[in-house]
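Q: Need a 3D model of the following:
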Amino acid sequence: MKILKIALVLALGGLGGQAFAGESPSTQATSKAPVEVYKYGMKLDIEKIITITDIPGQCGPVPAQMIYEDSHGQRHVMQYQVMGTGCSDS
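A: Okay, the predicted model is just below:
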C-alpha cells in the first residue's frame, strides 16, 4: 500500500513539473534509456520531469511511466504503479 502512495505522490508531483518542462522528449534519447522499475525505498535523483504518461480510467493499480533528467543531465525512464482513475464510490 505504501508503494501505491509513493507512486501517486510521484505522479501528482510530476504533473506540475511537466507543465514547466518546456520541451518534448526526444524519441532517440528516450529509446536509449533503459526502463527502470521503481522499488520502494529507491533513492531518486530527479532534477527535471520531462513527461508522465496519462493515467488510464481503470479501477485498480495500473503501470505509469515518467521520463526525467537527473542532476547530471542524463535521461531516465521510470516505471511505477498508480491507482487508476476509473474507481468510483457510487
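
Q: elements contacting the strand or helix carrying P63?
A: According to DSSP states H and E, P63 maps onto strand 61-69. If you count contacts as 3 or more CB pairs under 8 Å, 6 or more residues apart in numbering; DSSP states H and E, strand 61-69 packs onto helix 2-19, strand 48-52, strand 75-83. Quick note: C-beta positions are derived from backbone N, CA and C, even for glycine.

Q: Low-confidence ranges, this protein, go.
A: For the chain, applying pLDDT under 70 flags the ranges 1-31, 89-90.

Q: C59: what's it in contact with?
A: Residues counted as contacts of C59 (CB atoms under 8 Å, 6 or more residues apart in numbering) are 84, 86-88.

Q: go with 7 Å
A: Residues in contact with C59 (CB atoms under 7 Å, 6 or more residues apart in numbering) are 84, 86-87.

Q: Can you tell me which of those residues is nearest G57?
A: Nearest to G57 among the contacts of C59 is G86, at 4.1 Å by CB to CB.

Q: thought that closest one was touching Q58?
A: Yes: with contact defined as CB atoms under 7 Å, G86 reaches Q58; the gap is 4.8 Å.

Q: Please name the residues that touch Q58.
A: Taking CB under 7 Å, 6+ apart, we find Q58 in contact with 84, 86.
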